[in-house]
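>>> got a sequence here, can you model it:
(2 chains)
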Amino acid sequence: MSGLTRTEVAHVAKLARLRLSDEELDLFTVQLARILDHAADMQSLDLADVIATAHPYDLINVVREDVVRPSLARDAVLAAAPDAEDGCFAVPRIMGEAP
Amino acid sequence: MNAITMAEGVRAGELSATTLAQESLEAIRARNDELNVFLHIDEDGAMAAAARVDDAVARGADPGRLAGVPIALKDNLCQVGVPTTCSSRILEGWRPPYSATVVDRLLGAGAVPMGKTNLDEFAMGSSTETSAFGPTRNPLDPTRVPGGSSGGSAAAVAAAMTPLALGSDTGGSIRQPAALCGIVGVKPTYGLVSRYGLIAFASSLDQIGPFAANVADAALLLEVIAGHDPMDSTSLPEPSPNLVSHLDDGVAGQRIGLVRELIDGADAEIVDAVERAAAVLAAAGATIVELSIPELRLGLSAYYLIAPAEASSNLARYDGVRYGLRVDADDVAAMNEATRTAGFGAEVKRRIMLGTYALSAGYYDAYYGQALKVRTQMRDAFRRAYEDVDLLLGATTPSVAFTFGSKTNDPMAMYLSDVFTIPTNLAGEAALSVPFGRGEADLPIGVQLLGPGRSEARLFAAATVLEDAERGS
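Model prediction:
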């Protein structure tokens, strides 16, 4: 058993920037534990000498010619944003008022 | 009418692209309220694209290989100015400022995009039941799911709304709905089709591929969208393969492995269909080899750690700053949290949580790290198998289309419907599902053909043999 606790699930939600209700915390604790338990078949294997595969092909250092090309128009990109100001994305304050 | 016949007729000036687009719109409108296939019907864009094709024909210009053929796009593919939601509230109302490479290639070939089709939210699901905009119904039996995540695209073809559609396949999201809707669906080799403009779910697994009512149409569509694209750094640096010219190559002299792990646990009627498919391939000159690849049993566990881990990273971009939903709050962190909490549905949250956990300090090695090593074992096991055989054969799904709600309360039960399709994605290889036989309630069964990377021509040739046998029966 994974032994996943409700406290851990709450912590993970915080890391993932999600707010879960009490009911969701209860449900996710049970459901995530079941999924992790299914992975137990994998955890019991001795794979110490196996190299990890993060990607199916070994394409490395994909580069293009260093030439200027057109990119998306700033106005078109900002038009899709929830809020924009002076050619920039606008967000709520990130710090308190200056003293 | 199939896509190849349509394109030939339009190119010869015998059919009007405008008329074909109008007929497609009528077919969509006739059943879309009932089936919920299209989230957005792009009538203006379709009629304009069709008019451009007709104009090219009138001028004597080459209108392209898919001239005038209506096509449906899964709503995780960007088309400039056309609403793109990923079936999520968090992207509702967003209009992309650019088009996916596959969309540009379709338009360049004269195809006519009719609109955007429903999917499981962010392609996370196997039934379209996690869509924020309601599920799609299976056109063959509206009490059942069409499969997923590309359920809308599969249903569009099955309901003859469009002869072609595009989907994306991360763990089976093209092949599984193709099987459940009785059509052809292809998961191409990783890197064969550019993902530029495909909204990312799990980037080491995602691949765009075709849906069609027959094998030849699917091959033509894949030829049009495949080939190197500098805008996708994972795109294979080679041109689109020749597929259509190899459709009639047959399977004589080929060795095809019937894989125990790709039928174990399937319903008896599914196993029976796969065994009958093996007999058809043998009668056409292939040698059938029964074999076992035990590593495939670990695919589901590895996938449900790797895909959520990548998703938790890819979906971090939905923070209420650059696009989509924003729920206001006093500071940025609270705004991020309020936006994501309101914008994501339960399955997306579940996978973000699972992925965040698998990547978090203290658990990384035990879960994500171990899954990556299993992935190596699976890739090596496939490679060993392909030293002895040319292709593999198995089931696409454990059962025919299931009813709504039958798996929604148990995530593991839903995940198990992808057990036969997931290994191909983990290995980065190619596979397709082709309709073969009927099961319970006369619902279609899909048989899966799998091959190593770049084996699409062989896969299509073998699928043609099965399709011909079905038509003759």
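>>> okay, now the residue of the stretch 151-300 of chain B found nearest chain A: neighbour count?
Closest to chain A within the stretch 151-300 of chain B is residue B:233: 4.1 Å, counting by CB to the nearest CB. Where you see a C-beta, it was placed from the backbone N, CA and C, and this is true even at glycine. Residue B:233: 14 surrounding residues under other CB atoms under 10 Å in any protein chain shown.
>>> skipping adjacent residues, who's closest to it in space?
Nearest residue to residue B:233 in three dimensions, chain neighbours excluded: residue A:62, at 4.1 Å (CB to CB, 6 or more residues apart in numbering or on different chains).
>>> any idea how far chain B is from the residue nearest the centre of chain A?
The central residue of chain A, meaning the one whose C-alpha is nearest the mean C-alpha position (CA atoms, centre = their mean), is residue A:16 at 6.7 Å. Distance from residue A:16 to chain B, counting by CB to the nearest CB, to the nearest Å: 4 Å.
>>> any residue of stretch B:401-414 up close to chain A?
Yes. Using CB under 8 Å from any CB of the partner chain, stretch B:401-414 reaches chain A at B:411, B:412.
>>> OK, contacts around whichever residue of chain B sits closest to chain A?
Nearest to chain A in chain B, going by CB to the nearest CB, is residue B:428, at a distance of 2.3 Å. When contacts are counted by CB atoms under 8 Å, 6 or more residues apart in numbering or on different chains, residue B:428 touches A:55, A:56, A:57, B:189, B:190, B:191, B:379, B:453.
>>> now list the buried members of those residues.
Neighbour counting over the contacts of residue B:428 (16 or more other CB atoms under 10 Å in any protein chain shown) leaves A:55, A:56, B:189, B:190, B:191, B:379, B:453 as the buried ones.
>>> what ranges of chain B fall below the confidence cut-off?
Filtered on pLDDT under 70, chain B yields the residue ranges B:473.
>>> wait, what's in contact with the residue most central in space within it?
Residue closest to the mean C-alpha point of chain B, counted by CA atoms, centre = their mean, is residue B:174 at 2.4 Å. The contact partners of residue B:174, by CB under 8 Å, 6+ apart, come to B:150, B:154, B:167, B:168, B:185, B:186, B:187, B:209, B:210, B:211, B:433.
>>> which SS state does the residue of the stretch 151-300 of chain B closest to chain A fall under?
Local secondary structure at residue B:233 is given as coil here, using DSSP: H, G, I helix; E, B strand; the rest coil.
>>> same check, this time on residue B:228
Using three-state DSSP, the secondary structure recorded for residue B:228 is coil.
>>> so who does it touch?
Residue B:228 is in contact with B:194, B:235, B:236, B:237, B:238, B:239, counting by CB under 8 Å, 6+ apart.
>>> check those one by one and keep those near chain A.
Taking CB under 8 Å from any CB, the overlap between the contacts of residue B:228 and the neighbourhood of chain A is residue B:236.
>>> next step: the contacts of residue B:228 restricted to helices.
Secondary structure defined by DSSP state H assigns none of the contacts of residue B:228 to helices.
>>> how near is the residue nearest to residue B:233 to residue B:232?
Counting by CB to CB, to the nearest Å, the gap between residue A:62 and residue B:232 amounts to 9 Å.
>>> thank you, goodbye.
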